[in-house]
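In: My questions concern the predicted model and sequence given below.
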Amino acid sequence: VKLVESGGGLVQPGGSLRLSCAASGFTFRDYAMNWHRQAPGKERELVAAIDSAGGSTNYADSVKGRFTISRDNAKNTVYLQMNSLKPEDTAVYYCNAVRRLFGRKYDYWGQGTQVTVSS
């Protein structure tokens with residue numbers, strides 16, 4: 001199982017970035033996908049979530065209206081479009097695949113990609 005994030009980097013406040021997470025080694029279309037982030041000295045927080053079919057999304061209040069999660073099940077990839085970035089969005093961003101089947105939770109994580117918002 002592999003989740004590989006990309007697209008992070010340094011961006012000025014007000015700018016945009018698009019993160020990608022390429023999945024392999026499991027049946028991607030059966031899993032809900034999440035983006036989490038962790039800033040220095042803070043706990044990891046859930047930023048955005050999308051169901052397995054891509055029909056339902058949820059966002060943390062702090063990013064609602066600025067971030068958009070989407071997925072392409074044909075490409076086994078989930079995306080996070082981040083607009084109007086703020087310095088407080090600076091964090092390591094992780095993608096996460098989750099499935100519950102017959103009472104068991106399957107939970108996979110990527111290695112993370114750094115996003116830094118600074119002038």
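Out: That came through fine. Numbers count the residues shown, from 1 in each chain.
In: quick one, phi/psi of the residue sitting furthest away from the middle of the chain?
Out: Distance to the chain centre peaks in the chain at residue 102, reaching 25.7 Å (criterion: C-alpha atoms, centre = their mean). The phi/psi pair for residue 102 (degrees, to the nearest 10) reads phi 50, psi 50.
In: Quick check, pLDDT for it.
Out: Looking at residue 102, its pLDDT stands at 94.
In: Same check on residue 41?
Out: Value for residue 41, per-residue pLDDT: 94.
In: Same check on the one 4 residues further on?
Out: At residue 45, the model reports a pLDDT of 97.
In: Could you pull up the contacting residues of it?
Out: Applying C-beta atoms under 8 Å, 6 or more residues apart in numbering, we find residue 45 in contact with 36, 37, 38, 60. No exception for glycine: its C-beta is placed from N, CA and C like everyone else's.
In: Filter those residues down to the buried ones.
Out: 36, 37 (16 or more other C-beta atoms under 10 Å).
In: Would you point out the most distant pair within the contacts of residue 45?
Out: 38 and 60 (13.0 Å; C-beta to C-beta).
In: who does the spatially most central residue of the chain bridge with?
Out: Central residue of the chain (C-alpha atoms, centre = their mean): residue 35, 2.4 Å from the mean position. Under the criterion DSSP bridges, residue 35 forms beta bridges with residue 48, residue 95.
In: Spit out the contact partners of it.
Out: Contacts for residue 35 (C-beta under 8 Å, 6+ apart) come out as 19, 21, 46-49, 69, 78, 80, 93-96.
In: Now which of those residues would you call buried?
Out: Here, 16+ other C-beta under 10 Å leaves 19, 21, 47, 48, 49, 69, 78, 80, 93, 94, 95, 96 buried among the contacts of residue 35.
In: Now flag whichever of these is closest to residue 110.
Out: residue 95 (4.6 Å).
In: hang on, isn't that closest one packed against residue 79?
Out: No - Residue 95 lies out of contact with residue 79 (C-beta atoms under 8 Å); the separation is 9.6 Å.
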